[in-house]
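In: pasting a predicted model and its sequence here:
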Amino acid sequence: MPEAHYIASNAIDRDKSKCTRNIEIGTLSNIKTVWWRVDLGDIYSINVLFKNYDGYEMRQKGRIAGFSLYLSNSSISGNEILCYKDEEHLPPLNFTTTCAGYGRYVIFYNERLDEYKYPDGYQSSTVTELCEVIVNGCGEAGAYGEKCDEKCPKNCQEQRCNIINGTCVGCLPGWNGTFCEKKCPEGWYGLECKLQCFAHCKDNAFCNHVTGQCDNECADGWKGAFCDEQCLEENYGVDCKFNCSSHCRNDVPCDKQTGHCVTNRIFRKRMRKYLRMKSDTVALQDVLDSKNNHYYRVTSSTMPGYKGLMDNREKIDYQNVTSN
């Protein structure tokens, strides 16, 4: 446990005379890393005041050199976003940086690893002393600007935008663009406009750019919230709510859009087209079974006289055939 005058909360008590201090890390210690974290909100800038000792300014700079500042929405390690990384030059002991973003946590991190050669001026064994950390930002979600008097664009995800220029961190489903001001292109919808519509809306309309659903019913022969379910063999029309006639010749199924009985000639033509699409290497012929009123796929080895037909055929689903 740290001593009372070195506890972590000293860095945010607005009393510069009291600092937080970690135990030593680096070559003289088994501990190689150090971090400090504060729970906040929208962030505009971060000011860090490090401990200074008269006559030891360069040593103090060498102690904190190489530090990083991160933002994170989670207390779980691995989800941080880098805000600032100190490079080769020694940092000032009164340090301020602009860090535009949103994060529940601001995290200070530093390390001294045995296997790494650090630049000149870095202290190989070090302690970190934070006297005051001041984070400026907007306390209210959906605001940005130096005075937090501007409103984030309405289509920003979670009403979060860049606190400096108002650009959206992410967009609501159905929108894109720097300020989320553009609808998804026609035929696309959802988060980041990455989902493609099913092309079965009534009158060839495009789906809703937000939900992906058809705003004005499905095209005839289709149903479902996304109009992606084809009518069953015995149904047709709007939302598949009509029943096919039971008097079609040879019990051939009706057309899923019109409900008209499909003639054997048309059905055979559709069957041949379907088999050509499904076949890669074998020769195929369509056969209507007068007993069961189903079409079957037959390989060339059984074609002559259809010998062995009952043992070498594959039933073709009406639902697939009549849609082609």
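Out: Nice, thanks for sending it over.

In: which residue ranges form the helices in the protein?
Out: 57-64, 264-278, 318-321 (DSSP state H).

In: helices or strands up against the first one?
Out: Contacts defined by 3 or more Cβ pairs under 8 Å, 6 or more residues apart in numbering; DSSP states H and E place helix 57-64 against strand 125-126. Every residue, glycine included, has its C-beta placed from N, CA and C.

In: would you list the strands that the strand it packs on pairs with, along with their directions?
Out: The strands that strand 125-126 pairs with in its sheet are strand 25-26 (antiparallel) (by DSSP bridges).

In: now what about the partner strand, what contacts it?
Out: 31-34, 110-112, 123-127 (Cβ atoms under 8 Å, 6 or more residues apart in numbering).

In: any chance of those residues in TSV, plus neighbour count, distance to residue 223 and pLDDT?
Out: Below are those laid out as TSV (neighbours: other Cβ atoms under 10 Å; distance: Cβ to Cβ, whole Å; pLDDT from 0 to 100):
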residue	neighbour count	distance to residue 223	pLDDT
31	12	64	90
32	15	62	89
33	12	59	90
34	19	61	89
110	21	61	93
111	17	60	92
112	24	65	92
123	19	71	91
124	15	71	90
125	12	72	89
126	25	68	88
127	18	69	88
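
In: looking at the residues you listed, which is nearest residue 91?
Out: Nearest to residue 91 among those is residue 110, at 10.8 Å by Cβ to Cβ.

In: got the contact list for the residue nearest to the closest one when sequence neighbours are not counted?
Out: Leaving aside its sequence neighbours, residue 110 sits nearest to residue 67 (Cβ to Cβ, 6 or more residues apart in numbering; 4.3 Å). Listed by Cβ under 8 Å, 6+ apart, the contact partners of residue 67 are 86, 91, 108-110, 128.

In: what does the pLDDT read for residue 67?
Out: Looking at residue 67, its pLDDT stands at 93.

In: before we move on, what about residue 287?
Out: Predicted confidence (pLDDT) for residue 287: 45.
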